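Peer 1: Quick one, structure for this:
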Amino acid sequence: MIVLHGGPGLDHHEFADYLDPLTDEVRLLLVDLRACGLSEPCPPYTWTLERHAQDVIMLARALGLERYAVLGHSYGAFVALQNAVDFPGMAAQTIVSGGVPSMRWLEALERNLEAFEPVELREQVTASWAREPDVDTQEGFADLMREQFPFHFADPLDPRIEEYLERSAGAVYAPDVLRHFSAAGYGGIEVEDRLQEIGSPTLVLGGRYDRTCVVQAAEAIAAGIPSSELVVFERSGHMMFVEEQDLFVAVVRSFLQRNA
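Peer 2: Below you'll find the model as predicted:
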């Protein structure tokens, strides 16, 4: 299973060891996306959602994978969904975790931020987002992530945030990639009118309290794909694989087994 991280500009450390229990079912390939992590530098004009989606196919071919699944979370979910639309049937299964099919669904983000409490964390997240176009160091990128994580958990004071930061330590951040995408609409995904082209089994995962990629977007994805399943994590925000790890792993394992 090719696993695609979010960001843009993060790397495979985003998943830490939370998906490791799946290794009794499938071989996990945690990928650093183009120009991210330890992947080689490449020209910024190639940093597009469509090229990231093509990279999935090229990686599978380079590794000689005859059958594989794709799991993407957050921006990685955008890539997984774009890949499923642009290359239908290439992946045996697709798992879209915390994604949207169109940029219109991200319009709810501002409303959710305005209602976000406590107020001091709302101000912290607002200021952090405002600094994204200017971040130029890995340390600065890491600070942004630490400041923004409360927004991505159902409970902004969840003690597991600190645990997650410890377990996912070691990331090689790509501030250039973050700056690029923060000025370019974070990939500009627009595949909502093409979802019916996806023919392979697709699992759509959403957090009930996701303030970024709202659960209604997950519902729209599932409604548009003929061979899809929707699972909503009722106690999660954007970080379902952390907030409800055991259930997340069980749902993904069941999906892979039933569609083997």
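
Peer 1: Could you check how many residues crowd around residue 77?
Peer 2: Per other CB atoms under 10 Å, the neighbour tally for residue 77 reads 30. Yep, even glycine has a C-beta here, placed from its N, CA and C like the rest.

Peer 1: In this structure it contacts residue 105, no?
Peer 2: No: using CB atoms under 8 Å, residue 77 is not in contact with residue 105, being 11.7 Å away.

Peer 1: shared neighbours of these two, which are they?
Peer 2: Common contacts of residue 77 and residue 105, defined by CB atoms under 8 Å, 6 or more residues apart in numbering, comprise residue 213.

Peer 1: quick one: secondary structure of residue 236?
Peer 2: Of the three states, residue 236 takes coil under DSSP: H, G, I helix; E, B strand; the rest coil.

Peer 1: isn't it right up against residue 158?
Peer 2: No: using CB under 8 Å, residue 236 and residue 158 do not qualify as a contacting pair, with a distance of 10.3 Å.

Peer 1: Among these two, which residue is more densely surrounded?
Peer 2: Taking neighbours as other CB under 10 Å, residue 236 and residue 158 compare with residue 236 leading, 27 against 18.

Peer 1: how near is that one to residue 245?
Peer 2: Distance, residue 236 to residue 245, using CB to CB, to the nearest Å: 10 Å.

Peer 1: again with residue 140
Peer 2: Computed as CB to CB, the residue 140 to residue 245 distance reads 29 Å.

Peer 1: swap in residue 50?
Peer 2: Separation of residue 50 from residue 245 (CB to CB) stands at 32 Å.

Peer 1: Same question for residue 157.
Peer 2: Between residue 157 and residue 245 the distance is 19 Å, computed by CB to CB.

Peer 1: what do you get for residue 29?
Peer 2: Applying CB to CB, the value for residue 29 to residue 245 is 20 Å.

Peer 1: so who does residue 237 touch?
Peer 2: 151, 152, 153, 154, 155, 207, 209, 210, 211, 243 are the contacts of residue 237 under CB under 8 Å, 6+ apart.

Peer 1: mind redoing it with 6 Å?
Peer 2: Contact partners of residue 237, counting by CB atoms under 6 Å, 6 or more residues apart in numbering, are 152, 153, 154, 207, 209, 210.

Peer 1: Now residue 19: phi and psi?
Peer 2: Residue 19 adopts backbone torsions of phi -100, psi 0, taken as degrees, to the nearest 10.

Peer 1: what number of residues lie near it?
Peer 2: Neighbour count of residue 19, defined by other CB under 10 Å: 20.

Peer 1: ok, now how distant is it from residue 140?
Peer 2: Counting by CB to CB, the gap from residue 19 to residue 140 is 28 Å.

Peer 1: Report the backbone C-alpha coordinates of stretch 55-74 in PDB.
Peer 2: This file holds the C-alpha atoms of stretch 55-74, laid out as PDB (Å, rounded to 0.1, in the frame of the first residue of the first chain):
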ATOM      1  CA  ASP A  55       4.200  10.100  -9.500                       C
ATOM      2  CA  VAL A  56       2.200   7.400  -7.800                       C
ATOM      3  CA  ILE A  57       1.900   5.500 -11.100                       C
ATOM      4  CA  MET A  58       5.500   6.000 -11.900                       C
ATOM      5  CA  LEU A  59       6.600   4.800  -8.500                       C
ATOM      6  CA  ALA A  60       4.500   1.600  -8.800                       C
ATOM      7  CA  ARG A  61       6.000   0.900 -12.200                       C
ATOM      8  CA  ALA A  62       9.500   1.500 -11.000                       C
ATOM      9  CA  LEU A  63       9.000  -0.900  -8.100                       C
ATOM     10  CA  GLY A  64       7.300  -3.500 -10.400                       C
ATOM     11  CA  LEU A  65       4.200  -3.500  -8.300                       C
ATOM     12  CA  GLU A  66       1.500  -5.700 -10.000                       C
ATOM     13  CA  ARG A  67      -1.200  -5.000  -7.400                       C
ATOM     14  CA  TYR A  68      -1.200  -2.200  -4.800                       C
ATOM     15  CA  ALA A  69      -3.500   0.100  -2.900                       C
ATOM     16  CA  VAL A  70      -3.200   3.800  -2.300                       C
ATOM     17  CA  LEU A  71      -3.900   5.600   1.000                       C
ATOM     18  CA  GLY A  72      -3.700   9.400   1.200                       C
ATOM     19  CA  HIS A  73      -4.400  11.600   4.100                       C
ATOM     20  CA  SER A  74      -5.100  15.400   3.900                       C
END
